[in-house]
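Chemist: Quick one, fold the following:
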Amino acid sequence: MDRKAEFEVVLDLANRTLFTRMTGLFSETDMQAWAKQYHAATDRFQGRKHMVIADMRGMKTVHPSIASIMGAEIGYAREHGVVLCAHLSDDTVQRLQARRVARQNSPGDNVTVDVNSIQEARKVVDEAKDRIDDASSARSIRLVV
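Modeler: Model prediction:
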């Protein structure tokens with residue numbers, strides 16, 4: 001039996017990081033609720049460059065119409081300052097769906113880094129922090145990992 005969708009969106013304005021956790025099976029209503037919170041959190045950065053840790057462990061793949069809601073928010077966030085997204089998933093199909101949605105809404109998707117643990121996600125973000133204001137990283141601060 002699939003678990004009910006749960007999510008959280010947490011801001012760390014001082015470290016210019018947004019953390020989102022998504023787990024379970026998302027309905028359209030669930031995804032719209034997440035999108036509303038994620039959008040509001042993105043707006044708190046006021047267009048300044050920032051990073052995201054997206055913990056999607058336990059999240060199930062969703063219908064394409066529901067994935068498009070998530071994709072629209074990914075696109076919005078990247079147009080409004082996201083220069084790095086450390087993506088964590090424990091399901092291969094869900095990981096592939098999230099990557100596809102990101103590519104569709106962020107051409108070339110040079111922002112996403114797949115990680116294997118929350119500790120690795122934090123390490124990737126911490127290492128990138130020093131480059132966040134580098135003028136050469138206008139759209140991405142991702143290094144080849």
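
Chemist: hey, where'd the strands end up in the chain?
Modeler: Taking DSSP state E as the criterion, the chain carries its strands at 6-12, 17-23, 50-55, 82-88, 112-115.

Chemist: Kindly reformat those as TSV containing mean pLDDT.
Modeler: Rendered in TSV, the data for the strands of the chain read as follows (pLDDT from 0 to 100):
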stretch	mean pLDDT
strand 6-12	97
strand 17-23	98
strand 50-55	97
strand 82-88	95
strand 112-115	92
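
Chemist: how about CSV for those strands, with mean neighbour count and distance to residue 104 added?
Modeler: C-beta coordinates here come from the backbone N, C-alpha and C atoms, glycine included. Output for those, formatted as CSV (neighbours: other CB atoms under 10 Å; distance: least, CB to CB, whole Å):
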stretch, mean neighbour count, distance to residue 104
strand 6-12, 15, 21
strand 17-23, 21, 18
strand 50-55, 24, 16
strand 82-88, 24, 15
strand 112-115, 20, 12
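
Chemist: can you pull the contacts of residue 42?
Modeler: By CB atoms under 8 Å, 6 or more residues apart in numbering, the residues touching residue 42 are 18, 73, 76-77, 80-82.

Chemist: now residue 115
Modeler: Counting by CB under 8 Å, 6+ apart, residue 115 touches 86-88, 121, 124.

Chemist: Recalculate using a threshold of 10 Å.
Modeler: With contact taken as CB atoms under 10 Å, 6 or more residues apart in numbering, residue 115 is in contact with 53-55, 85-89, 121-125, 145.

Chemist: Residue 62 too?
Modeler: Taking CB under 10 Å, 6+ apart as the definition, contacts of residue 62 comprise 5, 22, 25-28, 30-31, 68-70, 94, 97-98, 101.

Chemist: Out of the contacts of residue 115, which is nearest to residue 38?
Modeler: Using CB to CB, residue 54 is the member of the contacts of residue 115 that lies nearest residue 38, at 9.7 Å.

Chemist: So residue 68 versus residue 124, what's the distance?
Modeler: Residue 68 sits 27 Å away from residue 124 when distances are taken as CB to CB, to the nearest Å.

Chemist: again, but for residue 46
Modeler: Using CB to CB, residue 46 is found at 24 Å from residue 124.

Chemist: Between the two, point out the one with more neighbours.
Modeler: Comparing residue 46 with residue 124 by neighbour count (other CB atoms under 10 Å), the higher total belongs to residue 124, at 22 against 9.
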